[in-house]
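**Student:** what follows is a predicted structure for the sequence shown.
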Amino acid sequence: MPAAGFAAPVAPGGVEFEARITPYVIITCIMAASGGLMFGYDVGISGGVTSMDDFLEKFFPAVYRNKKRAVENAYCKYDNQGLQLFTSSLYLAGLVATFFASYTTRRFGRRPTMLIAGIFFLAGVVFNAAAQDLPMLIVGRLLLGCGVGFANQAVPLFLSEIAPTRIRGGLNILFQLNITIGILFANLVNYGTSKITPWGWRLSLGLAGIPAVLLTAGSIFLVETPNSLIERGYLEDGKHVLKKIRGTNNVDAEFNELVEASRIAATVKHPFRNLMKRRNRPQLVITFALQIFQQLTGINAIMFYAPVLFQTLGFKNDASLYSAVITGAVNVLSTVISIYAVDKVGRRALLLEAGVQMFVAQVSLFSS
């Protein structure tokens, strides 16, 4: 249903597209972004449960014995290949699943891809919460990783195609915001369930079912994006959806631009081969470098192992979990600021500020 809103700004092509920010769009984006909530929860939960004695005693008894023997230097007590496999299997499965998700997103649409992600998430939650041995636990993590691969491929694309131009940057970051909220929620859950013995870790892993259900249900009831429908030849359906999400019948200009963009994209042959051409190398190098150097800052290791890292620094169990909560809260706050600023100051300004801030932080840590 159309609702009061405000017009989107001028589009890149110089044509002003009429669009209102309707409740339907907001609800749609929130439900779709629950894929980020699931990803963040899976990232944050692993470090907490691997610091719980009940979990370690059941699945990693060698680590549990080392932990109890450690008196002062606890640095190597978590040195266990099985434990590392439990954590890293999520990313490994996500990497492989991304290649399949790319095909399903293009061939069948964004919504079915998100539904597949939701099903993988639900299956992974069941395996993890009911795990009786290490192989069952690893299978659950692999299923969750497949969900991450499919969700990370489809959800950001879905959000960018559904959102009006004026708030596209903010709604696109909604996925990242939900990742940080998921991490924070996981840290809070770990802090509470660490006091529940001997099944607190099962509750931690099982509560991942909440965002999994949201994503799955949302994928069933949400509409497909007009971009996807037009790309696959469903022009009338695409125009109908465009009217629905923009809250106006005056969508001809935007619709025609989407059709033209789809036509031009269809004429491009061998897109991946074209990426390697000399004229595209600067953009290709920058794209790779930004992602690689972001990972090399070590933030993923911190988010995965925050409670464990704090324990190796001498924090007690509760203190390490509480410190992880503080880290997660700062992460959420920073993302909220980015959502507010991205459409006002631009992506480049935020990237430069973040780079300087990370550089200062890394130098401070190295010199401390």
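**Tutor:** Noted; the coordinates are in hand.

**Student:** only C-alpha atoms from now on, for both contacts and neighbour counts.
**Tutor:** Noted.

**Student:** now V148: closest residue in space, sequence neighbours ignored.
**Tutor:** Counting by Cα to Cα, 6 or more residues apart in numbering, the nearest residue to V148 once its immediate chain neighbours are dropped is G94, at 5.5 Å.

**Student:** now do the buried residues in the one helix or strand that neighbour maps to.
**Tutor:** Here G94, judged by DSSP states H and E, is contained in helix 81-107. Using 16 or more other Cα atoms under 10 Å as the test for burial, helix 81-107 gives 83, 86-95, 97-98, 101-102, 104-105.

**Student:** can you tell me how far I162 is from F288?
**Tutor:** Distance of I162 to F288, computed by Cα to Cα, to the nearest Å: 26 Å.

**Student:** compare neighbour counts for those two and give me the winner.
**Tutor:** Ranked by neighbour count (other Cα atoms under 10 Å), I162 and F288 place I162 first, with 24 against 11.

**Student:** show me what contacts the residue nearest to V148?
**Tutor:** G94 is in contact with L142, G145, C146, G147, V148, G149, F150, counting by Cα atoms under 8 Å, 6 or more residues apart in numbering.

**Student:** now tabulate the residues you listed in CSV and tack on pLDDT.
**Tutor:** Listed next are these as CSV, based on pLDDT from 0 to 100:
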residue, pLDDT
L142, 96
G145, 95
C146, 96
G147, 94
V148, 93
G149, 94
F150, 95
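
**Student:** which of these tops the neighbour count?
**Tutor:** Counting neighbours by other Cα under 10 Å, the top entry in the contacts of G94 is G147, with 34 neighbours.

**Student:** which one is that residue nearest to, not counting chain neighbours?
**Tutor:** A117 (4.1 Å).

**Student:** helices or strands next to the strand or helix carrying the one you found in the packing?
**Tutor:** A117 is located in helix 110-129, with elements delineated by DSSP H and E. Counting contacts by 3 or more Cα pairs under 8 Å, 6 or more residues apart in numbering; DSSP states H and E, helix 110-129 packs against helix 34-49, helix 81-107, helix 134-162, helix 200-206, helix 209-221.

**Student:** what about the residue nearest to V148, distance to G140?
**Tutor:** 13 Å.

**Student:** repeat for Y78
**Tutor:** In terms of Cα to Cα, Y78 sits 21 Å off from G140.
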